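1. Give me the fold of what follows.
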Amino acid sequence: MEPLARDAELPPMVAAAIDRVTAHATGAWTEVTGTGEPVTARLEPGPGDTVVARARATTVCDVSPLLGLELMLAGAGWTTTHPPAGLDVLAAQRAGDELLASYAAPGVVTVTVTSAPLPA
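-> This next block holds a predicted model:
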């Protein structure tokens with residue numbers, strides 16, 4: 001399946017998930033970069049016969065922005081954890097949506113927001 005942008009004709013539940021993930025990703029990205037640059041979600045294949053809305057962005061930072069991101073997410077009602085990994089990782093969940101952010105040498109930051117699986 002090709003990733004689909006929000007402007008395709010979609011069922012309301014799927015369109016709402018794309019809008020929600022776009023908003024979450026843009027808010028997280030604003031915390032990471034301070035730019036307010038939008039991060040647009042697209043549909044991707046999910047498990048089984050489902051799709052997910054997913055947004056991903058990557059940049060380079062001199063220091064890890066994950067503590068600030070974690071504080072922002074916790075203040076917005078997300079549950080945050082730090083899974084064991086070989087690098088600085090933040091995982092967060094809220095209402096079925098998931099955010100995964102990582103910071104790895106030499107300063108690469110990646111933020112991915114994914115919706116709960118939706119009927120295809």
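
2. what pLDDT, on average, does stretch 25-34 get?
-> Mean pLDDT, stretch 25-34: 96.

3. Mind listing residues that contact it?
-> Contact with stretch 25-34 is made by 35-41, 55-57, 59, 61, 65, 68-69, 72-73, 76, 99, 101, 109, 111, 113, as judged by C-beta atoms under 8 Å, 6 or more residues apart in numbering. No exception for glycine: its C-beta is placed from N, CA and C like everyone else's.

4. So what's the gap between it and the chain middle?
-> Centroid separation between stretch 25-34 and its chain, computed with C-alpha atoms, centre = their mean, to the nearest Å, is 10 Å.

5. and it, which residues are buried?
-> For stretch 25-34, a neighbour-count test (16 or more other C-beta atoms under 10 Å) marks A25, T26, G27, A28, W29, T30, E31, V32, T33 as buried.

6. Tell me which of these fall in helices.
-> If you go by DSSP state H, these have A25, T26, G27, A28, W29, T30, E31, V32, T33 in helices.

7. now, among these, which is nearest to L90?
-> For those, the minimum distance to L90 (C-beta to C-beta) is 9.7 Å, reached by A28.

8. Where do the helices of the protein begin and end?
-> 12-33, 66-75.

9. For the chain, give me the ranges with low pLDDT.
-> 1-8 (pLDDT under 70).

10. neighbouring contacts of the lengthiest strand in it?
-> Across the chain, the strand with the greatest residue count (assigned by DSSP state E) is strand 50-60. Residues outside strand 50-60 that contact it (C-beta under 8 Å, 6+ apart) are 1, 14, 17-18, 20-22, 24-26, 29, 32-33, 39-46, 106-120.

11. 6 Å instead?
-> 17-18, 21, 25, 29, 33, 39, 41, 43-44, 46, 107-115, 117-118, 120 (C-beta atoms under 6 Å, 6 or more residues apart in numbering).

12. Just the buried subset of those, please.
-> 17-18, 21, 25, 29, 33, 39, 41, 43-44, 46, 109, 111-115, 117-118.

13. Tabulate the CA atom coordinates of stretch 15-29 in PDB.
-> Extracted in PDB, the C-alpha atoms of stretch 15-29 (Å, rounded to 0.1, in the frame of the first residue of the first chain):
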ATOM      1  CA  ALA A  15      -9.300  11.000   8.500                       C
ATOM      2  CA  ALA A  16      -9.700  11.900  12.200                       C
ATOM      3  CA  ALA A  17      -6.700   9.600  13.000                       C
ATOM      4  CA  ILE A  18      -4.500  11.300  10.300                       C
ATOM      5  CA  ASP A  19      -5.500  14.800  11.700                       C
ATOM      6  CA  ARG A  20      -4.900  13.700  15.300                       C
ATOM      7  CA  VAL A  21      -1.500  12.100  14.600                       C
ATOM      8  CA  THR A  22      -0.500  15.200  12.500                       C
ATOM      9  CA  ALA A  23      -1.400  17.400  15.500                       C
ATOM     10  CA  HIS A  24       0.500  15.200  18.000                       C
ATOM     11  CA  ALA A  25       3.600  15.000  15.700                       C
ATOM     12  CA  THR A  26       3.700  18.700  15.000                       C
ATOM     13  CA  GLY A  27       3.400  19.500  18.700                       C
ATOM     14  CA  ALA A  28       6.200  17.100  19.600                       C
ATOM     15  CA  TRP A  29       8.300  18.400  16.700                       C
END
